[in-house]
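Student: please work out how this folds:
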Amino acid sequence: MLSSLIATVDSPTDKELITQLYNTYKQFMYNISMSILGKREDAEDAVQDSFVRIIDNLDKINNPYSRKTKSYITVITKNVCLDMIRRNHNDEELEDKDIPFEDSYTDFENSNATYEQIIKNLKQLPPRLKNIAFLFFVQRLSPKEIGEMLNINTNTVYAYVSRIRKILLDTKDDNI
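Tutor: Below is the predicted model:
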(Lines give C-alpha, C1' and ligand atoms only; values in the text may rest on other atoms or scores of the structure.)
Protein backbone atom coordinates (compact mmCIF):
# COMPACT_ATOMS: atom_id res chain seq x y z
CA MET A 1 0.00 0.00 0.00
CA LEU A 2 2.82 2.44 0.83
CA SER A 3 4.33 2.29 -2.65
CA SER A 4 0.96 3.05 -4.29
CA LEU A 5 0.48 6.02 -1.94
CA ILE A 6 3.97 7.38 -2.63
CA ALA A 7 3.38 7.07 -6.37
CA THR A 8 0.61 9.68 -6.14
CA VAL A 9 3.02 12.53 -5.32
CA ASP A 10 6.01 13.95 -7.18
CA SER A 11 7.97 15.85 -4.54
CA PRO A 12 10.68 13.90 -2.66
CA THR A 13 9.76 15.88 0.46
CA ASP A 14 6.12 14.79 0.17
CA LYS A 15 7.19 11.19 -0.43
CA GLU A 16 9.26 11.28 2.75
CA LEU A 17 6.39 12.83 4.72
CA ILE A 18 3.97 10.16 3.49
CA THR A 19 6.45 7.45 4.47
CA GLN A 20 6.83 8.96 7.96
CA LEU A 21 3.06 9.25 8.40
CA TYR A 22 2.49 5.72 7.15
CA ASN A 23 5.13 4.18 9.41
CA THR A 24 3.99 6.20 12.43
CA TYR A 25 0.20 6.01 12.14
CA LYS A 26 -0.79 2.98 10.05
CA GLN A 27 -1.43 0.70 13.05
CA PHE A 28 -3.07 3.51 15.04
CA MET A 29 -5.45 4.22 12.14
CA TYR A 30 -6.16 0.51 11.73
CA ASN A 31 -7.06 0.22 15.43
CA ILE A 32 -9.46 3.17 15.18
CA SER A 33 -11.02 1.69 12.06
CA MET A 34 -11.42 -1.76 13.64
CA SER A 35 -13.06 -0.28 16.73
CA ILE A 36 -15.63 1.50 14.56
CA LEU A 37 -16.13 -0.94 11.69
CA GLY A 38 -15.41 -4.29 13.31
CA LYS A 39 -14.23 -6.05 10.13
CA ARG A 40 -10.60 -6.44 9.10
CA GLU A 41 -11.28 -5.84 5.40
CA ASP A 42 -13.32 -2.72 6.09
CA ALA A 43 -10.67 -1.40 8.48
CA GLU A 44 -7.96 -1.90 5.86
CA ASP A 45 -10.08 -0.07 3.27
CA ALA A 46 -10.66 2.75 5.75
CA VAL A 47 -6.93 3.14 6.36
CA GLN A 48 -6.29 3.28 2.60
CA ASP A 49 -9.07 5.84 2.06
CA SER A 50 -7.83 7.87 5.03
CA PHE A 51 -4.32 8.06 3.59
CA VAL A 52 -5.76 9.25 0.28
CA ARG A 53 -7.53 12.08 2.14
CA ILE A 54 -4.39 12.86 4.11
CA ILE A 55 -2.36 13.08 0.89
CA ASP A 56 -4.97 15.45 -0.56
CA ASN A 57 -4.38 17.71 2.47
CA LEU A 58 -0.67 17.14 2.98
CA ASP A 59 -0.05 20.88 3.12
CA LYS A 60 -1.85 20.99 6.51
CA ILE A 61 0.79 18.76 8.12
CA ASN A 62 4.00 20.43 9.27
CA ASN A 63 5.33 17.98 11.82
CA PRO A 64 4.33 14.33 11.34
CA TYR A 65 4.98 13.58 15.02
CA SER A 66 2.98 16.41 16.59
CA ARG A 67 -0.15 16.06 18.70
CA LYS A 68 -1.96 18.21 16.15
CA THR A 69 -1.08 15.80 13.34
CA LYS A 70 -2.23 12.81 15.38
CA SER A 71 -5.53 14.54 16.10
CA TYR A 72 -5.95 15.47 12.46
CA ILE A 73 -5.31 11.88 11.38
CA THR A 74 -7.76 10.65 14.03
CA VAL A 75 -10.52 12.91 12.71
CA ILE A 76 -9.90 11.90 9.10
CA THR A 77 -9.89 8.19 9.97
CA LYS A 78 -13.04 8.47 12.06
CA ASN A 79 -14.81 10.41 9.31
CA VAL A 80 -13.82 7.87 6.65
CA CYS A 81 -15.20 5.07 8.83
CA LEU A 82 -18.45 6.93 9.43
CA ASP A 83 -18.73 7.63 5.69
CA MET A 84 -18.33 3.91 5.03
CA ILE A 85 -21.05 3.11 7.55
CA ARG A 86 -23.36 5.71 6.01
CA ARG A 87 -22.90 4.15 2.60
CA ASN A 88 -23.78 0.70 3.93
CA HIS A 89 -26.39 1.27 6.62
CA ASN A 90 -29.40 3.39 7.43
CA ASP A 91 -29.35 6.23 9.97
CA GLU A 92 -30.59 4.08 12.88
CA GLU A 93 -27.66 1.71 12.55
CA LEU A 94 -25.30 4.68 12.33
CA GLU A 95 -26.42 5.89 15.75
CA ASP A 96 -25.46 2.51 17.23
CA LYS A 97 -21.92 2.85 15.84
CA ASP A 98 -21.20 6.31 17.27
CA ILE A 99 -18.09 6.44 19.42
CA PRO A 100 -18.73 7.08 23.12
CA PHE A 101 -17.26 10.27 24.54
CA GLU A 102 -15.99 10.77 28.06
CA ASP A 103 -14.71 13.95 29.62
CA SER A 104 -13.52 15.06 33.04
CA TYR A 105 -13.97 18.83 32.75
CA THR A 106 -15.49 20.44 35.83
CA ASP A 107 -18.43 21.75 33.78
CA PHE A 108 -19.49 18.17 33.39
CA GLU A 109 -18.71 17.13 36.95
CA ASN A 110 -20.73 20.01 38.40
CA SER A 111 -23.68 19.51 36.08
CA ASN A 112 -27.03 17.98 36.97
CA ALA A 113 -26.82 15.98 33.75
CA THR A 114 -26.16 12.27 34.19
CA TYR A 115 -23.50 10.43 32.25
CA GLU A 116 -26.24 8.74 30.23
CA GLN A 117 -27.82 12.11 29.35
CA ILE A 118 -24.47 13.52 28.25
CA ILE A 119 -23.77 10.48 26.04
CA LYS A 120 -27.30 10.66 24.60
CA ASN A 121 -26.83 14.36 23.84
CA LEU A 122 -23.41 13.67 22.32
CA LYS A 123 -24.86 11.07 19.95
CA GLN A 124 -27.36 13.66 18.74
CA LEU A 125 -24.70 16.23 17.86
CA PRO A 126 -24.15 16.86 14.15
CA PRO A 127 -20.88 15.33 12.85
CA ARG A 128 -19.06 18.69 12.73
CA LEU A 129 -19.81 19.38 16.40
CA LYS A 130 -18.82 15.81 17.36
CA ASN A 131 -15.44 16.37 15.70
CA ILE A 132 -14.92 19.66 17.51
CA ALA A 133 -15.98 18.07 20.81
CA PHE A 134 -13.47 15.26 20.25
CA LEU A 135 -10.64 17.65 19.40
CA PHE A 136 -11.37 20.03 22.28
CA PHE A 137 -12.36 17.72 25.14
CA VAL A 138 -10.52 14.49 24.31
CA GLN A 139 -7.45 15.59 22.35
CA ARG A 140 -7.37 18.85 24.36
CA LEU A 141 -6.46 21.02 21.40
CA SER A 142 -6.86 24.77 21.75
CA PRO A 143 -9.58 26.57 19.77
CA LYS A 144 -6.81 28.15 17.69
CA GLU A 145 -5.38 24.72 16.79
CA ILE A 146 -8.85 23.39 15.98
CA GLY A 147 -9.58 26.42 13.82
CA GLU A 148 -6.36 25.93 11.86
CA MET A 149 -6.99 22.22 11.47
CA LEU A 150 -10.58 22.60 10.26
CA ASN A 151 -10.08 25.91 8.40
CA ILE A 152 -12.55 27.84 10.54
CA ASN A 153 -12.22 31.05 12.54
CA THR A 154 -11.02 30.67 16.15
CA ASN A 155 -14.02 32.66 17.41
CA THR A 156 -16.28 30.22 15.59
CA VAL A 157 -14.58 27.37 17.44
CA TYR A 158 -15.23 29.14 20.77
CA ALA A 159 -18.89 29.52 19.80
CA TYR A 160 -19.10 25.84 18.82
CA VAL A 161 -17.49 24.72 22.10
CA SER A 162 -19.92 26.87 24.07
CA ARG A 163 -22.83 25.41 22.12
CA ILE A 164 -21.51 21.86 22.58
CA ARG A 165 -21.21 22.34 26.36
CA LYS A 166 -24.74 23.69 26.54
CA ILE A 167 -26.13 20.80 24.48
CA LEU A 168 -24.22 18.11 26.36
CA LEU A 169 -25.23 19.42 29.77
CA ASP A 170 -28.88 19.95 28.85
CA THR A 171 -31.08 17.72 31.00
CA LYS A 172 -34.19 18.15 28.84
CA ASP A 173 -35.02 15.47 26.26
CA ASP A 174 -35.52 17.90 23.36
CA ASN A 175 -32.14 19.59 23.36
CA ILE A 176 -31.24 19.49 19.68
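Student: helices or strands next to the host helix or strand of Q117 in the packing?
Tutor: Taking DSSP states H and E as the criterion, the element that holds Q117 is helix 115-124. When contacts are defined as 3 or more Cβ pairs under 8 Å, 6 or more residues apart in numbering; DSSP states H and E, helix 115-124 sits against helix 154-169. Every residue, glycine included, has its C-beta placed from N, CA and C.
Student: what's the helix it packs on packed up against?
Tutor: helix 106-109, helix 115-124, helix 127-133, helix 143-150.
Student: quick check: longest helix of this structure.
Tutor: Among the elements of the chain assigned as helix by DSSP state H, the one spanning the most residues is helix 12-37.
Student: quick one: buried residues of that one?
Tutor: Buried residues in helix 12-37, counted by 16 or more other Cβ atoms under 10 Å: 17-18, 21-22, 25, 29-30, 32-34, 36-37.
Student: list the contacts of Q20.
Tutor: 64-65 (Cβ atoms under 8 Å, 6 or more residues apart in numbering).
Student: correct me if wrong: T24 contacts I61.
Tutor: No: proximity of T24 to I61 does not meet the contact threshold set by Cβ atoms under 8 Å, at 11.2 Å.
Student: centroid residue for the chain?
Tutor: V75 (2.2 Å; Cα atoms, centre = their mean).
Student: which helix or strand contains it?
Tutor: Element membership for V75, per DSSP H and E: helix 67-88.
Student: give the other helices and strands that that helix contacts.
Tutor: Here helix 67-88 touches helix 12-37, helix 40-56, helix 91-97, helix 127-133, helix 143-150, going by 3+ Cβ pairs under 8 Å, 6+ apart.
Student: quick one on the thing from earlier: can you pull the pLDDT of the residue nearest to the centre of the chain?
Tutor: In this model, V75 is scored at 91, pLDDT.
Student: excluding its backbone neighbours, what's nearest it?
Tutor: Counting by Cβ to Cβ, 6 or more residues apart in numbering, the nearest residue to V75 once its immediate chain neighbours are dropped is N131, at 5.4 Å.
Student: if I look at the one you found, how far off is Q139?
Tutor: Distance, N131 to Q139, by Cβ to Cβ, to the nearest Å: 10 Å.
Student: looking at these two, which is more packed in?
Tutor: Legend: neighbour count by other Cβ atoms under 10 Å for N131 and Q139, higher for N131 (22 against 17).
Student: in contact with the more buried one, which residues?
Tutor: So N131 contacts 75, 78-79, 150 (Cβ under 8 Å, 6+ apart).
Student: among the residues you listed, name the buried ones.
Tutor: Looks like the contacts of N131 have 75, 78-79, 150 buried, using 16+ other Cβ under 10 Å.
Student: kindly state the domain boundaries assigned to the protein.
Tutor: Annotated domains of the chain cover 1-99, 100-176 [automatic domain parsing].
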